[in-house]
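J.: coords please:
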Amino acid sequence: MKCITEDEYTALVAAKHERDQLRGAVYSLRIELGDLRQELAAEASPRWQDRLIARVTRRPPDFVIGGAERPYLRRWWLTPWRRFTERAKHDSRRWIRVLGKVSELLPNAYLHQFLRSDDDRALHDHPWANVSILLRGSYIEHTISAGGIHHRNELSTGDWRIRLTGRLAHRVELLTIAGHVRTQPENREPLPCWTLFITGPRYRDWGFHCPDEGWIHWKRFTAVGDPGAIGKGCGA
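T.: Residues are numbered from 1 along each chain as shown. Predicted coordinates for the structure are as follows:
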């Protein structure tokens with residue numbers, strides 16, 4: 001057995017240490033490259049929210065609220081039976097009216113594009129229990145709890161709200177360019193946002209919760225023929 005000198009032993013230990021360090025560096029580099037590959041793949045693949053919006057908006061919206069020149073909301077129906085609810089309003093044939101009634105008893109799903117904030121004169125409720133999922137953008141939700149306490153919550157992409165009853169009132173306020181672009185502090189143009197809106201069966205009328213007058217049916221509050229346009233409001 002050949003003996004080695006102390007200097008040779010020290011050199012071997014140093015070489016082993018450098019080899020271990022090199023192996024550790026290579027292993028760490030592989031992990032970093034793997035993470036980078038996953039990040040690049042995620043960026044290259046559209047999120048499910050973006051794919052949904054792109055797919056549905058290949059066709060025009062099924063319903064526009066607020067007028068064509070300055071719409072408040074664009075709505076796409078995602079459940080095929082929803083169109084019978086609208087047809088029953090204008091078609092007197094019995095089978096259409098029956099299908100319209102049946103469609104109101106089924107759950108529905110909508111894609112919403114908010115282009116303006118809700119009317120700020122009052123909060124509104126809904127005719128069904130519902131779930132709202134924010135697909136793109138942000139907005140501020142205003143609610144009032146027992147005792148008249150005002151709550152203001154900012155929601156962003158991926159946030160969701162579930163309302164087990166249509167009686168829960170709220171108001172959606174869009175963010176503005178002024179709040180996001182420093183060079184345009186006076187620009188109050190709203191930033192649109194997209195939501196997936198899922199509803200249960202229709203079981204009640206909906207309306208607005210006015211501070212002094214109380215609950216007012218939407219037909220009295222909004223403009224005739226357009227629930228998204230300015231109407232009589234709380235003074236109806």
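J.: So Trp95 belongs to a strand, correct?
T.: No - assigned with DSSP: H, G, I helix; E, B strand; the rest coil, Trp95 falls outside any strand and is helix.
J.: how near is the residue minimising distance to the centre of the chain to Trp81?
T.: Geometric centre of the chain, nearest residue: Leu134, 1.6 Å, by CA atoms, centre = their mean. To Trp81, Leu134 is 25 Å away according to CB to CB, to the nearest Å. C-beta here means a position set from N, CA and C on the backbone, and glycine is covered the same way.
J.: One more: Ile65?
T.: The spacing between Ile65 and Trp81, counted by CB to CB, is 21 Å.
J.: what's the answer for Ser132, then?
T.: 21 Å.
J.: So for the two, which residue has more residues nearby?
T.: Ser132 (23 against 16; other CB atoms under 10 Å).
J.: I figured that one was touching His170, is that so?
T.: No - Ser132 sits out of contact with His170 when judged by CB atoms under 8 Å, with a separation of 9.4 Å.
J.: what's downstream of the lowest-mean-pLDDT helix or strand in the chain, the next helix or strand?
T.: Least confident helix or strand, the chain: helix 6-44 with a mean of 61, by mean pLDDT, DSSP states H and E. Note on helix 6-44: by DSSP states H and E, the next helix or strand toward the C-terminus is helix 48-56.
J.: and the end-to-end length of stretch 122-136?
T.: 25 Å (CA to CA, to the nearest Å).
J.: Likewise for stretch 111-123?
T.: 21 Å.
J.: Same question for it: list its buried residues.
T.: The neighbour-count check on stretch 111-123 (16 or more other CB atoms under 10 Å) flags 111-119, 122-123 as buried.
J.: quick check, distance from that stretch to the centre of its chain.
T.: Averaging C-alpha positions (CA atoms, centre = their mean, to the nearest Å) puts stretch 111-123 13 Å from its chain's average.
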